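# Could you work out the structure for the sequence below:
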Amino acid sequence: MSKDRNITDKLFLFVKGLSMGAANKVPGVSGGTVSFVLGFYEEMIYSLRKINYKAFWLLLNGRFRSFYNYINATFLLLVFGGSIFSYFSVSLLLDYLLTNYELYVWSLFFGMILGSIYYLSKEFKYWESKNVLSVCLGALLGVAISLLDPARENDALWFVFICGIIGVSGMTLPGLSGSFILILMGNYVLLLVDSVAELFTTLTDIFSGNFAFLDDERRMYYLKIIAVFSGGSVFGLVSISHLLGYVLKRWYQIVTAVIIGFITGSLGIVWPWKRTIYKMQDGTVLLDVHGEKVIENYTRYFPDLSMSTTWIAICFVLVGVGSILLIDRYGAKQNRNTHAY
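Purely as a prediction, here's the structure:
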């Protein structure tokens, strides 16, 4: 599937990677759904599956160009380069927007996921009984996960490695939010907030020639955590993509139906009208953090239609739906132009 790409194609791939990475950091939003809707999901899974024994054999024998072409490295570097870059750029903007305009951000994501469900359902042509049942099972699983309570934070390295494997699954499994799973596992703040912030500070220090952090126990602790988490993420990306490739090849209809159901069932996670609930480690419910380490979850409610903010939020939902429909229309136009040649 390796192909020649012009500068515009490469730029769009990088932007798509930015979108996937930013979405994967937001609890409730799946980077895999973004890749599915933006049209590069199958190539991503195909390319990740190429990281296998043959690729390592080419690398060990010094056939670097063959290795590069075999694994579709241009695509992988652009997409995952964009994803990594988003953690220090787009995701920081998202953090700001979630802090100051939380309702509207969630409304936009809710609309985008609604549009994604329409997009996936429209493309799926196999609505026999077994696939309808698969949709229902996927929806039940999505609802069940959305209702789970978060666990306590656990910084044991073996558990952090497992978090890396499971957390990155949001990039390869449409509908599954890796960030939300990390919240349920209790390690979202440790891995995607504190550790990423310390890594960013460390990179800044390195570029400025300041290596004093090597004697900072706290900094080295977080760098060790992020290194193990990254190792788990890389292992998870490759292993899950191989498993997905195998499953999709043999049970494509059923797996796609489960994904559609799972995304639908997960809508509750991104329901815009919700209040944040904080719990102490002993289970005591708090309304505010007060600087103490807590477990975060949400309680959802029906919006007050008499408030102007509700109607503004509904407008953002419609914008989210519309953006997906525009992407769908653009993709259809591109396919027509391709077949015209």
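# per-residue confidence at N337?
N337 is assigned a pLDDT of 51 by the prediction.
# L325 now?
At L325, pLDDT is 78.
# Please report how far it lies from T256.
Between L325 and T256 the computed distance is 20 Å (CB to CB, to the nearest Å). For the C-beta atoms, the positions are set from N, CA and C on the backbone; glycine is no exception.
# out of these two, which sits in the busier spot?
T256 (21 against 13; other CB atoms under 10 Å).
# Could you give the separation of the helix or strand where the more buried one lies from the chain centroid?
Using DSSP states H and E, T256 sits within helix 217-265. On the basis of CA atoms, centre = their mean, to the nearest Å, helix 217-265 sits 10 Å off its chain's mean C-alpha point.
# Point out the other elements, helices or strands, that it touches.
Helix 217-265 is packed against helix 41-49, helix 102-123, helix 129-146, helix 157-167, helix 169-172, helix 195-207, with contacts defined by 3 or more CB pairs under 8 Å, 6 or more residues apart in numbering; DSSP states H and E.
# Can you tell me which of those helices is most buried?
Comparing those by mean neighbour count (mean count of other CB atoms under 10 Å), helix 169-172 comes out on top with a mean of 26.
# can you list the residues that contact it?
20, 24, 30-32, 35, 44-45, 48, 83, 176-179, 181, 236-237, 240-241, 244 (CB atoms under 8 Å, 6 or more residues apart in numbering).
# Next: stretch 203-218.
Contacts of stretch 203-218 (CB under 8 Å, 6+ apart): T201, T202, R219, M220.
# Run a quick neighbour tally on S89.
Around S89 there are 14 other residues, counting by other CB under 10 Å.
# So for it, what's the nearest residue that isn't a sequence neighbour?
L18 (7.6 Å; CB to CB, 6 or more residues apart in numbering).
# Against G320, how distant is that neighbour?
On the measure of CB to CB, L18 and G320 end up 18 Å apart.
# ok, now L38?
L38 is 14 Å from G320, by CB to CB.
# Show me which of the two is the more surrounded one.
Shown here are L38 and G320; by other CB under 10 Å, G320 has more neighbours (22 against 19).
# Quickly find the element holding the more buried one.
Judged by DSSP H and E, G320 forms part of helix 308-340.
# Many thanks, I have nothing further to ask.
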